[in-house]
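Visitor: Mind folding the following:
(4 chains)
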Protein chains: 2
Amino acid sequence: MATKTRENPVAVESDSVTRESILLGAARLFRHHGYAATTLREVADAAGIKAGSIYYHFESKEQILAEVLDKGILSVIEAVRQRVEALPPDAKARDKLAAAIEGHLWGLLHHGDFTSANIRIYGQIPLAAKNRHRKIRREYADYWDALLDEALRRGELRPDIGTTISRLFVIGALNWTVEWYNPQKGSFEDFVKQITTIVFDGTFVKE
Amino acid sequence: MATKTRENPVAVESDSVTRESILLGAARLFRHHGYAATTLREVADAAGIKAGSIYYHFESKEQILAEVLDKGILSVIEAVRQRVEALPPDAKARDKLAAAIEGHLWGLLHHGDFTSANIRIYGQIPLAAKNRHRKIRREYADYWDALLDEALRRGELRPDIGTTISRLFVIGALNWTVEWYNPQKGSFEDFVKQITTIVFDGTFVKE
DNA sequence: GTCTATACCTCGATAGAC
DNA sequence: GTCTATCGAGGTATAGAC
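Guide: Here you go, the predicted model:
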């Protein structure tokens, strides 16, 4: 991930170890206590420094929030894109969506502090932070809508359910798994398989 | 809802208008800003009184939190029980679960500030508050597990997916609808029908 | 039952030494 | 690059008048 704060011509690197450590600690604290309840003294503590030192790396608490939110959604987007684009363009919609689901779950669950923080606190952050983050969320939603529209055109998706409601329901359901997924109760692969089955074919047996 | 703070023999009524107004305002503020970020001055403002006056009705901010959380989940539990128990005991599992889904969505979406506050902030509240609220959550989960187990025994539910994972996935997905449901885009009945279809039979057409 | 006034605490952020 | 010290603002909660 390249920095946004400086624009050096060569080898951009504001990613010091301390900086990353601040972000990770902040993500974990935001996830479990919320944004407002998390103090910069706690964040500093988690990173092994004192509160004042944070301001060498970040301009404000809100800037930390912005980067935590971005890291969360970008983890997911990157994993999804990677898997979907590995398929041939004419692959079946079912296979593309399965790849998207697997990618979404992988990014979500392998960066749990960032993704859970994003999901949990997005509805509660200052309006300015929300506005800044809205665009990337919109882009990710559009990506899914395109996948679902394609599936609908090919006759693979139920025509009696709108693609918008499908997308909202499915992404919401997937996102919430970060609240209850337990890696000790079976492999990630099995988990993905079960979730994908429910999303595609439901919980009931076919008649 | 009867009060918990007093135990009068007859006609328990600590539910003054002001008290209810404080709870509703607090629920809305908790929902949109989180628990820690919400100040008692704001809660008082929403109720049309001054901050100090809150302490005539509540012992502390945490007591307000506890009552908001309870109201949220109890709205849902009551609606679900009502609908399921209106069916004959030998009704098909599919019908019982449809009733449970409809009840869950009804309670959830008709008390949005309380239910959304509950869902959004549960992961972020002080540990003491979490411990106090855990029991009722467990009871509601057990209720669903019993419904799903019955459906499985009757051969209506997919045997290749555990009832625990089904319950976690379905309740999580239903809960998240409070974040995006828009009553202006179609009737509640249609909404329930579409959600129920996805949960039972999935998003794809049957082969 | 609600008010005003205030005690006491902790927050985000800044300044300047090292 | 991190520290200590501190500012001003705003938090929960309490006390006592009305």
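Visitor: Per-residue pLDDT of the residue most central in space within chain A, please?
Guide: Nearest residue to the geometric centre of chain A (CA atoms, centre = their mean): A:I73, 3.3 Å. A:I73 is assigned 98 on the pLDDT scale.
Visitor: I'd say it and A:K135 touch.
Guide: No. Counting by CB atoms under 8 Å, A:I73 does not reach A:K135; the two are 10.7 Å apart. Heads up, the C-betas are built off the backbone N, CA and C, glycines and all.
Visitor: residues from chain A in reach of DNA strand C?
Guide: A:38-42, A:51-52, A:55, A:59-62 (CB under 7 Å from any atom of the strand).
Visitor: closest to B:H111 among the residues you listed?
Guide: A:T38 (28.7 Å; CB to CB).
Visitor: gap between the residue lying closest to the closest one once chain neighbours are set aside and chain B?
Guide: Closest residue to A:T38 apart from its sequence neighbours, by CB to CB, 6 or more residues apart in numbering or on different chains: A:L29 at 4.3 Å. Counting by CB to the nearest CB, to the nearest Å, the gap from A:L29 to chain B is 10 Å.
Visitor: Pull out the buried residues from the one helix or strand A:L29 maps to.
Guide: In this assignment (DSSP states H and E), A:L29 forms part of helix A:17-33. Of all the residues in helix A:17-33, those buried under the rule 16 or more other CB atoms under 10 Å in any protein chain shown are A:19, A:21-31, A:33.
Visitor: which sections of chain A are below the confidence cut-off?
Guide: Chain A contains residues with pLDDT under 70 at A:1-14.
Visitor: which ones are touching the residue nearest to A:Q194 when sequence neighbours are not counted?
Guide: In space, and not counting its chain neighbours, A:Q194 is closest to B:I161: 5.2 Å by CB to CB, 6+ apart. Neighbouring residues of B:I161 by CB atoms under 8 Å, 6 or more residues apart in numbering or on different chains: A:194, A:197-198, A:203.
Visitor: What residues does chain A have near DNA strand D?
Guide: So far as CB under 7 Å from any atom of the strand goes, chain A lies against DNA strand D at A:16, A:18, A:44, A:49-53, A:56-57.
Visitor: mind checking the longest helix of chain A?
Guide: For chain A, the helix with the greatest residue count under DSSP state H is helix A:127-153.
Visitor: Can you name every helix or strand that it contacts?
Guide: Packed against helix A:127-153 by the contact rule (3 or more CB pairs under 8 Å, 6 or more residues apart in numbering or on different chains; DSSP states H and E) you find helix A:61-85, helix A:93-110, helix A:163-176.
Visitor: mind listing what's buried in the helix or strand following the last one?
Guide: Taking DSSP H and E as the definition, the helix or strand that follows helix A:163-176 towards the C-terminus is helix A:188-201. Of the residues in helix A:188-201, those buried by neighbour count under the rule 16+ other CB under 10 Å are A:191-196, A:198-201.
Visitor: name the helices or strands packed onto helix A:188-201?
Guide: helix A:93-110, helix A:163-176, helix B:163-176.
Visitor: quick revisit: what residues of the longest helix of chain A count as buried?
Guide: Buried residues in helix A:127-153 (16+ other CB under 10 Å): A:129, A:132-133, A:140, A:143-144, A:147-148, A:151-152.
Visitor: Equivalent analysis for stretch A:200-207, please.
Guide: A:200-204.
Visitor: cool, stretch A:86-94 as well?
Guide: For stretch A:86-94, by 16+ other CB under 10 Å, it's A:A93.
Visitor: Ok, stretch A:49-57 next?
Guide: For stretch A:49-57, by 16+ other CB under 10 Å, it's A:49, A:54, A:57.
Visitor: Identify the residue nearest the last one in space, chain neighbours excluded?
Guide: Residue nearest to A:H57 in three dimensions, not counting chain neighbours: A:R19, with 4.7 Å by CB to CB, 6+ apart.
Visitor: quick one: that neighbour and A:S53 touch, right?
Guide: No. Proximity of A:R19 to A:S53 does not meet the contact threshold set by CB under 8 Å, at 11.0 Å.
Visitor: Need phi/psi at A:L157.
Guide: When read as degrees, to the nearest 10, the backbone of A:L157 gives phi -90, psi 150.
Visitor: what residues are up against the residue nearest to it when sequence neighbours are not counted?
Guide: The shortest distance from A:L157 to any non-neighbouring residue, by CB to CB, 6+ apart, is to A:A151 (4.3 Å). Applying CB under 8 Å, 6+ apart to A:A151 gives the contacts A:93-94, A:96-97, A:157, B:204.
Visitor: And A:A100, by the same measure?
Guide: Shown in contact with A:A100 (CB under 8 Å, 6+ apart): A:80, A:83-84, A:144, A:147.
Visitor: any idea how far A:H133 is from B:R31?
Guide: Look at A:H133 and B:R31: by CB to CB, to the nearest Å, they are 19 Å apart.
Visitor: What of A:G202?
Guide: Counting by CB to CB, the gap from A:G202 to B:R31 is 31 Å.
Visitor: Would you check how far apart A:A128 and B:G34 are?
Guide: 16 Å.
Visitor: wait, A:H57
Guide: 25 Å.
Visitor: repeat for A:A86
Guide: A:A86 is 39 Å from B:G34, where distance means CB to CB.
Visitor: Tell me how many other residues crowd the closest residue to A:R132 other than its chain neighbours.
Guide: Counting by CB to CB, 6+ apart, A:R132 lies nearest to A:A66, which is 6.0 Å off, once chain neighbours are set aside. A:A66 has 18 neighbours, counted by other CB atoms under 10 Å in any protein chain shown.
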